[in-house]
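>>> Using only what follows, build the 3D model:
(chains A, B, C and D)
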There are 2 protein chains.
Amino acid sequence: MKQVAKKATGGSTTLWDRTRQLASQEILETALRLFTEQGYDETTIAQIAQEAGVSQRTLFRYFGTKEDLLGGDQGRFGQVLTDTISEQPPEADVWETLRAGIAAVLALHDSREQALERFRLLHNTASLRAGWLEKRLRFQEDLLPFIEARMGTGSGSTDPRARAVIATAFACLDAASMTWVGNGGKGNIMDLYDECLAEVRS
Amino acid sequence: MKQVAKKATGGSTTLWDRTRQLASQEILETALRLFTEQGYDETTIAQIAQEAGVSQRTLFRYFGTKEDLLGGDQGRFGQVLTDTISEQPPEADVWETLRAGIAAVLALHDSREQALERFRLLHNTASLRAGWLEKRLRFQEDLLPFIEARMGTGSGSTDPRARAVIATAFACLDAASMTWVGNGGKGNIMDLYDECLAEVRS
DNA sequence: TCACACTTGGCAGTCGCTGCCAAACCATCG
DNA sequence: CGATGGTTTGGCAGCGACTGCCAAGTGTGA
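So this is what the prediction gives:
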């Protein structure tokens, strides 16, 4: 176990932790740079490891997967999503609730430029897209109980409606972000999202 | 080129073609059997090839990818989809058009049992799910021009609405099929689909 | 300072997948 | 029937992502 005796921590971070932090950051930056320079599929783990100054084995210990090198904290997204949604007032509309969650996740990006870069890579690389969609689907499943509770429907095993609502929200996010990338990052994703939802819901 | 001199064919199929057909079928059946018996990830290409009586190299010549061993004719889906949709009367509602396309694709399955088996594998295996979602996204992109034409909107690079409508239709299909599998294949997927769309479109 | 916990790197191996080359194969023509 | 030529096949080596294992290095706490 790594966190055997790690209190919440103030400045009490050990040298190890700081080193880990540094290495992790170095790897992440190297990866993102190489990805944008030569493409995701054309960049090998060996290359990233070498340029970041660590062994492949160590790289895989920091990030279990090549995809993880792009997502930063992928787990973070899901956390913020469910947190935000469960914090919405119970009487709020389901669509409003989902909108709030999505907005919260989008707000997580460091900068517009970084977001654009990531989205561009995501939308232009088949393997990345696949992984992302899969992860997103898992988020949707995590959201199911919350949305069902708000809709007062039965469990998802027999009633498809909650799933449909969630999936539709993300479908609109998809359409919005693809259009946003196609536009070179002009405008606001949430505006596009609203436009999409308005069209869908007549 | 393989089809240098192949007319539509009656009994005029050469021995080669028949052998290919047989081998292909054998491989496909072996793969599906092993997948359902021991799971997709737990089944190796080497095993399938051996039990089907061909070399790995040949197997990969028939089906370029492990995923292809499940989908049968994956390309077929997209074809039927776009064909059906482009055949719809121009004055038909967009939602009706998409519904027709989806229904046509669903009708492609040999039997309810086979469909259930495939869907079950798909929904229970992360790697398969990812691949499927990716392929589906490509279908959606193929549909874009058709739907845009019917909606009279601008190109997808600037107007997200057509994409949103398409993505929503597939989102509902997702919710419907997941629920269908969860129910053990009871009922009709299209009924669930209609239920989903009704909920989404208020 | 010493012993312990943790981290690191290297190596071999698995699995999906591809390129290459020689052998087996079928069809067709003479 | 036999020779010719295009096609299919299988084996082999190799790549890239990823994992388990083990030995060596390094900070930590007593």
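>>> Figure out how far the longest helix seen in chain A is from the centre of its chain.
Using DSSP state H to define each element, chain A has its longest helix at helix A:126-151. Helix A:126-151 sits 11 Å away from the centroid of its parent chain (Cα atoms, centre = their mean, to the nearest Å).
>>> Over to stretch A:46-58?
For stretch A:46-58, the distance to the chain centre is 24 Å (Cα atoms, centre = their mean).
>>> before we move on, the earlier item: is the longest helix of chain A up against DNA strand D anywhere?
No - Helix A:126-151 lies apart from DNA strand D when judged by Cβ under 7 Å from any atom of the strand; the minimum separation is 8.7 Å. All C-beta spots, glycine's among them, are computed from the backbone N, C-alpha and C.
>>> Now do that helix: which elements does it pack against?
helix A:68-71, helix A:74-87, helix A:94-106, helix A:112-124, helix A:161-182, helix B:126-151 (3 or more Cβ pairs under 8 Å, 6 or more residues apart in numbering or on different chains; DSSP states H and E).
>>> okay, those in CSV with mean pLDDT and distance to residue A:200 next?
Putting those into CSV (pLDDT from 0 to 100; distance: least, Cβ to Cβ, whole Å) gives the following:
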stretch, mean pLDDT, distance to residue A:200
helix A:68-71, 88, 28
helix A:74-87, 92, 20
helix A:94-106, 97, 10
helix A:112-124, 92, 21
helix A:161-182, 97, 7
helix B:126-151, 95, 12
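>>> Buried deepest among those, which one?
helix A:161-182 (a mean of 25; mean count of other Cβ atoms under 10 Å in any protein chain shown).
>>> Just after that one, pick out the following helix or strand.
Next along the chain after helix A:161-182, taking DSSP states H and E as the criterion, comes helix A:189-200.
>>> in that next one, what counts as buried?
A:189-190, A:192-193, A:195-197, A:199-200 (16 or more other Cβ atoms under 10 Å in any protein chain shown).
>>> got it, and stretch A:33-47?
Quick answer for stretch A:33-47 (16+ other Cβ under 10 Å): A:34-35, A:40, A:43.
>>> These: which ones sit near DNA strand C?
Near DNA strand C, by the rule Cβ under 7 Å from any atom of the strand, you find none of the buried residues of stretch A:33-47.
>>> ok, which pair from those residues is furthest apart?
A:34 and A:40 (8.9 Å; Cβ to Cβ).
>>> show me what contacts residue A:82?
A:101, A:139, A:142-143, A:146 (Cβ atoms under 8 Å, 6 or more residues apart in numbering or on different chains).
>>> So which of those is the closest to residue B:96?
Distances from residue B:96 to the contacts of residue A:82, taken by Cβ to Cβ, are shortest for residue A:143, at 29.5 Å.
>>> right, and the closest one touches residue A:166 too?
Yes - with contact defined as Cβ atoms under 8 Å, residue A:143 reaches residue A:166; the gap is 5.4 Å.
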